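Undergrad: please work out how this folds:
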Amino acid sequence: MQGPEVRSGDVPEPIMLKEGQEFNFTIKRGVSTKDTVSVNYDDFINDVEDGDILLVDGGMMSLAVKSKTDDTVKCEVVDGGELKSRRHLNVRGKSATLPSITEKDWEDIKFGVENGVDFYAVSFVKDAKVIHELKDYLKSANADIHVIPKIESADSIPNLQSIIAASDGAMVARGDLGAELPIEEVPLLQEEIVRTCRSMQKPVIVATNMLESMIDHPTPTRAEVSDIAIAVREGSDAIMLSGETAHGKFPLKAVKVMHSVAQRTESSLYNPATSPSLVTRPQALLNEDFSQSQLSKMFGSHATMMANTLCTPIIVFTRTGSMAVLLSHYRPSSTIFAFTNEERVKQRLALYQGVVPIHMKFSDDAEETFSRAVSSLLSAQYVEEGDYVTLVQSGVKSIWREESTHHIQVRKVQG
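TA: So this is what the prediction gives:
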């Protein structure tokens, strides 16, 4: 969802802005001259003050506000560049007073409901109120769609805990976040957002400028490679490309680079002595009010330790996805193959780190279901005959043993 974005208007050809040059933004529509362009937001005049710094296109250019009239903001160029059509405008340290969900957003939301999308990524979320508003609408529309807020507004940071708690995950949208806040804060905020999502077992996506140089060049900078590795090491569930694939010259190469760097980094992560994912201990749980939730956490921790010790992939059968999500939170060293009979659940699980979701109809016979799952993995060459797998079964709708909803087995793959 586009959200409450303030953008410059169309220009027939790019305008070169030079340091010290006077340049204006006007709320009059359709204006485009060498020193003035329109903006798409009438209250832009009221949102800026003398001395404010305007950032264009995520900070690629910056201008200082010198004065304003009833319809025009007069600026001086601080950092120049090439101004193209419909560039995003930020005021450093401020957020626009536009509604969090615009009329266009509501049209897009209704389109998503009608077409059964899996997720909404909501732009410029300032507080949890907008998440609750959207979720209430989706509930009234009987739409089972998850909501991912893009954390990119200065106003969102004080409300980070409540926003993520109300949501189904989060995206670290570093471009606008770095435009609205001092750029040196972005790495620390990225780490905080990832940590907060992981503590709540919510998926987190790191996005923006990850391979920016590959928009024009076939190879990335070494700093970009390190950036991908850092996002993976911090615990991100997903990393995302933007302009690199939207309008870059080397979209496929960019995807391959990101994939290979992420895989190599993941292969170095597991350390059984220091892994923070396995800190849940039975004694600690016994000190809490024991519940199904605590039992599942303890069970997930033990299942992960067993799979790590035996170096086996994990097979889990799930109708809701909850056990696959829990196992992903513990970051096992090998792949989680999550078999589900719900297409919707399969789509959602694709967002979680380490999970390969597979849609498969469950049989009334649990052994037959397991046999079909193994055949599927053999056909896809995920496993070989003679390999061992850790079978994890949990939940009130267990397919395995009616008398017990939690159990772990280690099985040998038979052809």
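Undergrad: which other helices and strands contact the top helix by length along the chain?
TA: In the chain, with assignment by DSSP state H, the single longest helix is helix 292-310. Other elements packing on helix 292-310 under the criterion 3 or more CB pairs under 8 Å, 6 or more residues apart in numbering; DSSP states H and E are helix 282-286, strand 314-317, helix 322-329, strand 388-394, strand 406-412. Yep, even glycine has a C-beta here, placed from its N, CA and C like the rest.
Undergrad: mean confidence for stretch 381-388?
TA: Across stretch 381-388, pLDDT averages out at 96.
Undergrad: endpoints of it, how far apart?
TA: In stretch 381-388, first residue to last residue: 14 Å (CA to CA, to the nearest Å).
Undergrad: before we move on, back to that, what about the longest helix of the chain, distance to the chain center?
TA: Put simply, helix 292-310 sits 26 Å off its chain's centre (CA atoms, centre = their mean, to the nearest Å).
Undergrad: C-alpha coordinates for it, PDB please?
TA: Only the C-alpha atoms of helix 292-310 are listed here, as PDB (Å, rounded to 0.1, in the frame of the first residue of the first chain):
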ATOM      1  CA  GLN A 292      -0.200 -25.000  26.400                       C
ATOM      2  CA  SER A 293       1.900 -22.100  25.100                       C
ATOM      3  CA  GLN A 294       4.800 -22.900  27.500                       C
ATOM      4  CA  LEU A 295       4.600 -26.600  26.700                       C
ATOM      5  CA  SER A 296       4.900 -25.700  23.000                       C
ATOM      6  CA  LYS A 297       7.900 -23.500  23.600                       C
ATOM      7  CA  MET A 298       9.600 -26.200  25.600                       C
ATOM      8  CA  PHE A 299       8.700 -28.800  23.000                       C
ATOM      9  CA  GLY A 300      10.000 -26.600  20.100                       C
ATOM     10  CA  SER A 301      13.200 -26.000  21.900                       C
ATOM     11  CA  HIS A 302      13.800 -29.700  22.400                       C
ATOM     12  CA  ALA A 303      12.800 -30.600  18.900                       C
ATOM     13  CA  THR A 304      15.300 -28.100  17.600                       C
ATOM     14  CA  MET A 305      18.100 -29.300  19.800                       C
ATOM     15  CA  MET A 306      17.500 -32.900  18.700                       C
ATOM     16  CA  ALA A 307      17.500 -32.000  15.000                       C
ATOM     17  CA  ASN A 308      20.700 -29.900  15.500                       C
ATOM     18  CA  THR A 309      22.400 -32.700  17.400                       C
ATOM     19  CA  LEU A 310      21.600 -35.300  14.800                       C
END
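Undergrad: quick one, it and strand 406-412 angle?
TA: Orientation check (axes from the mean of the first three to the mean of the last three CA atoms, to 10 degrees): helix 292-310 against strand 406-412 gives 20 degrees.
Undergrad: surely S376 is in contact with V356?
TA: No - here S376 does not reach V356: they are 10.7 Å apart, not a contact under CB atoms under 8 Å.
Undergrad: that older thread, export the helices and strands packed on helix 292-310 as TSV, with columns for distance to E107.
TA: What follows is the helices and strands packed on helix 292-310, written out as TSV (distance: least, CB to CB, whole Å):
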stretch	distance to E107
helix 282-286	47
strand 314-317	39
helix 322-329	31
strand 388-394	41
strand 406-412	45
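Undergrad: what's the closest of these to I230?
TA: Smallest distance to I230 across the helices and strands packed on helix 292-310 (CB to CB): 19.8 Å, for helix 322-329.
Undergrad: before we move on, back to that, among the helices and strands packed on helix 292-310, which is nearest L189?
TA: helix 322-329 (21.5 Å).
Undergrad: now whichever strand or helix holds V255: average pLDDT?
TA: Using DSSP states H and E, V255 sits in helix 251-267. Average pLDDT, helix 251-267: 97.
Undergrad: now do that helix: everything it contacts.
TA: Helix 251-267 is contacted from outside by 210-211, 214, 218-220, 225, 228-229, 232-233, 239, 241, 244-245, 248, using CB atoms under 8 Å, 6 or more residues apart in numbering.
Undergrad: can you pick the most crowded of the residues you listed?
TA: Highest neighbour count within the contacts of helix 251-267: L211, with 28 neighbours (other CB atoms under 10 Å).
Undergrad: now do the contacts for that one.
TA: Contacts of L211 were listed using CB under 8 Å, 6+ apart, and they are 220, 224, 228, 241, 244, 254, 257-258.
Undergrad: if I look at it, how far off is L177?
TA: 18 Å (CB to CB, to the nearest Å).
Undergrad: what's the answer for K66, then?
TA: From K66 to L177 the distance is 27 Å (CB to CB).
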